[in-house]
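Trainee: No letters, just coordinates:
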């Protein structure tokens, strides 16, 4: 007479389970989706830093206007006279010129952008004379 214990063991072996290949495919898909999510997050962070720097440029421009209204001249330099953060979102100092090339009757305030390089108004530069 056959043992019932052997049948139970065989029944377990015939049950459907995930194969190693299926597990690898699912793991690969999960890693691919995670990679896409990280890339999208990095792009969102870059846009947020650009927006933050644009806001600082506008605030510095307004502070210069207020200084001019009080003293009838623009501040000789940004750090000594204004109580606003004069560093862009990437840790670089803003550039400041009184009677600038782009704003002859005002001031030019700009950041070299994410690359931090002076590329004479490159695409990534952020300033107060363009929108």
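Mentor: Great, that's in hand. The structure presented is a predicted model; accordingly, all values stated were derived computationally and were not measured.
Trainee: can you point me to the longest helix in the protein?
Mentor: The longest helix of the chain (DSSP state H) is helix 20-71.
Trainee: Relative to the whole chain's centre, how far out is that helix?
Mentor: Average the C-alpha atoms of helix 20-71, do the same for its chain, and the two points are 3 Å apart (C-alpha atoms, centre = their mean, to the nearest Å).
Trainee: Show me what that helix is packed up against.
Mentor: Applying 3 or more C-beta pairs under 8 Å, 6 or more residues apart in numbering; DSSP states H and E, we find helix 20-71 packed against strand 107-111, strand 126-127. For every residue, glycine as well, the C-beta is placed using N, CA and C.
Trainee: what's the angle from it to strand 107-111?
Mentor: Using axes from the mean of the first three to the mean of the last three C-alpha atoms, to 10 degrees, the direction of helix 20-71 lies 160 degrees away from that of strand 107-111.
Trainee: pLDDT of helix 20-71, averaged?
Mentor: Helix 20-71 shows a mean pLDDT of 91.
Trainee: how close does the residue nearest the centre of the chain get to residue 123?
Mentor: For the chain, the residue nearest the mean C-alpha position is residue 46 (2.0 Å; C-alpha atoms, centre = their mean). Distance, residue 46 to residue 123, using C-beta to C-beta, to the nearest Å: 13 Å.
Trainee: can I get the helices and strands packed on helix 20-71 in a markdown table with mean neighbour count?
Mentor: Formatted as a markdown table, the helices and strands packed on helix 20-71 follow (neighbours: other C-beta atoms under 10 Å):
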| stretch | mean neighbour count |
| --- | --- |
| strand 107-111 | 23 |
| strand 126-127 | 22 |
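Trainee: Need these in JSON lines (columns: distance to residue 50 and mean pLDDT).
Mentor: Converted to JSON lines, the helices and strands packed on helix 20-71 look like this (distance: least, C-beta to C-beta, whole Å; pLDDT from 0 to 100):
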{"stretch": "strand 107-111", "distance to residue 50": "9", "mean pLDDT": "90"}
{"stretch": "strand 126-127", "distance to residue 50": "7", "mean pLDDT": "89"}
